[in-house]
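Peer 1: Got a sequence here, can you build the structure:
(chains A and B)
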There are 2 protein chains.
Amino acid sequence: MEKVLSYIKDNEKRYLDELIEWLKIESISCDSTKNDETRKAGKWIADRIEKAGFENTRLIETGGHPVVYADWLHAEGKPTIMVYGHYDVQPTDPIEKWTTEPFNPTIKDGKIYGRGTSDDKGQLYTHICALEAMLKQDGKLPVNIKFFIEGEEEAGSEHSTPFVEQNKELLACDAVAVSDTAWHSKDIPTVIYALRGLCYMEFHVKGPKRDLHSGVYGGMLQNPLNAVGKLIASLQDENGVIQIPGFYDDVLPLKDEEKKEFAAIGNHDKEMMEDLGVNALWGEKGFTSLERNWGRPSMDVNGIWGGFSGEGAKTVITADGGFKVSSRLVANQNPDKIKKLFEDYINEQCPPGVTVETIYHHGGEPIMVDIDNPFLRAGQRAFEKAFGKKPTMVREGASIPITATFVKELKAAPIMVGFGLPDDNIHSNDEKLDLDNFYKGITCNALMYTEFAK
Amino acid sequence: MEKVLSYIKDNEKRYLDELIEWLKIESISCDSTKNDETRKAGKWIADRIEKAGFENTRLIETGGHPVVYADWLHAEGKPTIMVYGHYDVQPTDPIEKWTTEPFNPTIKDGKIYGRGTSDDKGQLYTHICALEAMLKQDGKLPVNIKFFIEGEEEAGSEHSTPFVEQNKELLACDAVAVSDTAWHSKDIPTVIYALRGLCYMEFHVKGPKRDLHSGVYGGMLQNPLNAVGKLIASLQDENGVIQIPGFYDDVLPLKDEEKKEFAAIGNHDKEMMEDLGVNALWGEKGFTSLERNWGRPSMDVNGIWGGFSGEGAKTVITADGGFKVSSRLVANQNPDKIKKLFEDYINEQCPPGVTVETIYHHGGEPIMVDIDNPFLRAGQRAFEKAFGKKPTMVREGASIPITATFVKELKAAPIMVGFGLPDDNIHSNDEKLDLDNFYKGITCNALMYTEFAK
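Peer 2: Numbering: from 1, shown residues only, chains lettered A, B, ... in the order given. This next block holds a predicted model:
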């Protein structure tokens, strides 16, 4: 192990240079004008994995963005670990909010800034570096490894999820190592045993078939934008309770011991308010902010549009408007069931004089891993060695929808050992990754794969 | 008069060609990048008025877009009529909804399509044509005439209104002829005795100081777009009653005779629903749609924005969002008072965790002219002669804010003799003017100025 760790140390600069090369590829999976770039990012990482010493490396077509597969299966009698991650990234708009160029990675104060640095290229790359070091120094790995890297995680894994369902043998494994999450804070390394799911909807509200003058028509008809407001307002009451009938039916209540573990982290509401510049935190009454984010479903409007938003004042009643809204789900909610309840509710709330069209973007089931899962415990030990601190075991508010498919189809627990930090600005402007976490993450992974063999 | 009317007939083609030249100038007053074009449109009409035989023609600076003044004051002992109109136009977006080019006027099926055809260049131009014909044929006019044409009616007359207040002597007159309104339908020529006022507000809702990932943060804080929905929804109840305390305090109730006159026009709700393609009309309970549009205040959201509205699904909690909203006011509401009530109400409704910033765009007082005003009656007689049908006397839902200033500062009643039609699509895509109304409007004006002298 000594040799492996010093190899990692000696190659840090090269690892970073390679990562930068990969980050420059604009693999925005939900933007169809970037399809070529997205594929290029997949090809890049496949080539890199092959160069690291893996076998059977290939891009496999899925109907969407291709998946990357590779393996090394010579650790007889040892468990098989699948490394999962994604080579696609979020859009960059509003681009004017970035202080660096999103696809021209910039190093500043021990951090690397750019789209995909933390979510997920930078985090995923730590696994390739660690496994390369082990193969180069030891000529072998302590466990069997399969790579499964997708290119549409940020677009709902529309084709990657059925790919897993249809390739259970190829992907058969005992556990899945995932580095696509963040710690609770720089001082609190975090291993995660539960993720929220997602139900992402879009509603188009249609009124008159053309735009109208608000003086000539105002007062006579339902304004689609007033209706958008009414529909949004109908989703939650003033206590943050979601109003869709049946929405909470399958929610697993938080156990007292979970609440206790969360509370042990301490109350950081004040710091968060300061960091975000808000005068209050807010959400479902009766829960702490961590409980709301980790253990309760949420309901967020992600975008609204319609009418005139330019300079000045246009007195128009627009023909249509709309909004995107997503709900984060917790165990044991089911996104398909929620989608149906959601759509029915919006249709029922739709006021007279306008109609609503629904687009269902994607969903993801929430997951929970047993806290005593041996691979989870192995990850915890590696973290303690690499970062000098026992990591806390928490839930996480975000979703990695495909992890639910690993549980369901491969019967393999996702071990969520991420190296991100809460201020990484993922999905936002100025996304970054802490370089210290990047380098120590490589070491942590080398230790973890060794622990997995025990 | 015969000679005048046949001169008008003989010059129809030239009048239209000149109008087209004027319509091509992109005088969007609220778009500061079009300032040069807006001025050019003012200069164009000033030159044209001078050529028609008027004196003292000039562009006068106001701090905003200049006003056009001209006069002919040689009808001793006769009343002085001011011709009011505006050379500026509304923005054209969403440009993709236009089937013709907004600034390349297109003639189709007896109509001229383009921005400003009906609102207001085309309507205003009928006065210049009529007065030119009278001066050329008779060498004189039956009344004294002053032109006062502004360039920021579509932007709230911010500088033109104080100009009137500060130039009462220059603009002193007995009545103001205004052609900037529409008939009730092609079969119902309409003279208008009341206009609604306007209070136009814009609210910016600010949450976290940066965009956030909706999984990592969802449930912990107030989402600015959910808050936008709540604020919009708080403006009206399910019966269309505006919820701002004190909002209705100064509203003059509709008299029974007014309701009767409106009802005599007949109920055209079904035709309107069909024309607009909506499944219901909607508004304040207890009033017909005409009563709501003409005699009751309304509340319309004119634009909303915030977050991600592109293709796909971005799981973001945006840092801010906002909406533009305007209320049409009726006699005797005061826009300054409403503005204050409005802002206070929104601030009070603002949920915890976000803040609201208010921008007040502009307001306009509602007006009502006495139904027996002699100039109003003269206009009515001219309409009957020109169009072969006694016009109905109605209110109108739209606003011409500066008309309230004419009442207040010049003690001159605005005589609203418009030639637009309800399907002219003003403020919308494919704005048009009926050419038959354009030509007959010129004749009507020649008759009206003659009637004014009686």
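
Peer 1: Would you mind giving the domain segments of chain A?
Peer 2: With automatic domain parsing serving as the domain definition, the record reports that chain A contains domains spanning A:2-196+A:366-452, A:198-258+A:295-363.

Peer 1: quick one: secondary structure of A:Ile112?
Peer 2: Three-state secondary structure (criterion: DSSP: H, G, I helix; E, B strand; the rest coil) places A:Ile112 in strand.

Peer 1: And A:Gln380, by the same measure?
Peer 2: helix.

Peer 1: possible to save the domains of chain A as a markdown table with mean pLDDT, distance to chain B and mean neighbour count?
Peer 2: C-beta coordinates here come from the backbone N, C-alpha and C atoms, glycine included. As requested, those are arranged in a markdown table below (pLDDT from 0 to 100; distance: least, CB to the nearest CB, whole Å; neighbours: other CB atoms under 10 Å in any protein chain shown):
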| stretch | mean pLDDT | distance to chain B | mean neighbour count |
| --- | --- | --- | --- |
| domain A:2-196+A:366-452 | 95 | 3 | 20 |
| domain A:198-258+A:295-363 | 96 | 2 | 21 |
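
Peer 1: any chance of those domains in a markdown table, plus distance to B:Pro105?
Peer 2: Formatted as a markdown table, the domains of chain A follow (distance: least, CB to CB, whole Å):
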| stretch | distance to B:Pro105 |
| --- | --- |
| domain A:2-196+A:366-452 | 36 |
| domain A:198-258+A:295-363 | 19 |
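
Peer 1: Among those domains, which comes closest to B:Ala227?
Peer 2: Of all those, the one in closest proximity to B:Ala227, counting by CB to CB, is domain A:198-258+A:295-363 (9.1 Å).

Peer 1: Can you give the distance from stretch A:20-38 to the centre of its chain?
Peer 2: A distance of 17 Å separates the C-alpha centroid of stretch A:20-38 from that of its chain, computed with CA atoms, centre = their mean, to the nearest Å.

Peer 1: ends of it, how far apart?
Peer 2: The first residue of stretch A:20-38 is 16 Å away from its last residue (CA to CA, to the nearest Å).

Peer 1: Which residues does it contact?
Peer 2: The contact list for stretch A:20-38 (CB atoms under 8 Å, 6 or more residues apart in numbering or on different chains) reads A:40-42, A:44-45, A:48, A:65, A:87-92, A:103-105, A:112, A:114-117, A:121-122, A:125, A:151-155, B:310-314.

Peer 1: do stretch A:248-264 as well
Peer 2: Contacts with stretch A:248-264, where a contact means CB under 8 Å, 6+ apart, come from A:242, A:287-288, A:290-291, A:294-297, A:330-334, A:337, A:368, A:392-395.

Peer 1: Which of those residues fall within strands?
Peer 2: Using DSSP state E, the members of the contacts of stretch A:248-264 that fall within strands are A:Met368, A:Thr392, A:Met393, A:Val394, A:Arg395.

Peer 1: which one among the residues you listed gets closest to B:Pro374?
Peer 2: Of all those, the one with the least separation from B:Pro374 (CB to CB) is A:Arg395, at 79.3 Å.

Peer 1: list the contacts for the closest one?
Peer 2: Listed by CB under 8 Å, 6+ apart, the contact set of A:Arg395 reads A:Ile192, A:Tyr193, A:Ala194, A:Leu195, A:Arg196, A:Glu258, A:Phe262, A:Trp294, A:Gly295, A:Met368.

Peer 1: I'd like to know how far it sits from A:Thr405.
Peer 2: In this view, A:Arg395 and A:Thr405 are 19 Å apart by CB to CB, to the nearest Å.

Peer 1: Please apply the same query to A:Thr181.
Peer 2: The gap separating A:Thr181 from A:Thr405 is 17 Å, by CB to CB.

Peer 1: before we move on, the earlier item: just to be sure, which of the contacts of A:Arg395 are found in strands?
Peer 2: Using DSSP E, the members of the contacts of A:Arg395 that fall within strands are A:Ile192, A:Tyr193, A:Ala194, A:Leu195, A:Met368.

Peer 1: mind checking the SS state of A:Asp71?
Peer 2: Reduced to three states by three-state DSSP, A:Asp71 is strand.

Peer 1: bridging residues for it?
Peer 2: When assigned by DSSP bridges, A:Asp71 has beta-bridge partners A:Glu55, A:Lys146.

Peer 1: A:Ile145 is in contact with that one, correct?
Peer 2: Yes: using CB atoms under 8 Å, A:Asp71 is in contact with A:Ile145, at 6.4 Å.

Peer 1: can you give me the helices in the stretch 251-400 of chain A?
Peer 2: A:256-264, A:269-276, A:289-295, A:335-349, A:374-387 (DSSP state H, counting those that start in this stretch).

Peer 1: correction: the stretch 1-150 of chain A
Peer 2: Counting by DSSP H, counting those that start in this stretch, the stretch 1-150 of chain A has helices at residues A:2-10, A:12-23, A:35-52, A:121-138.
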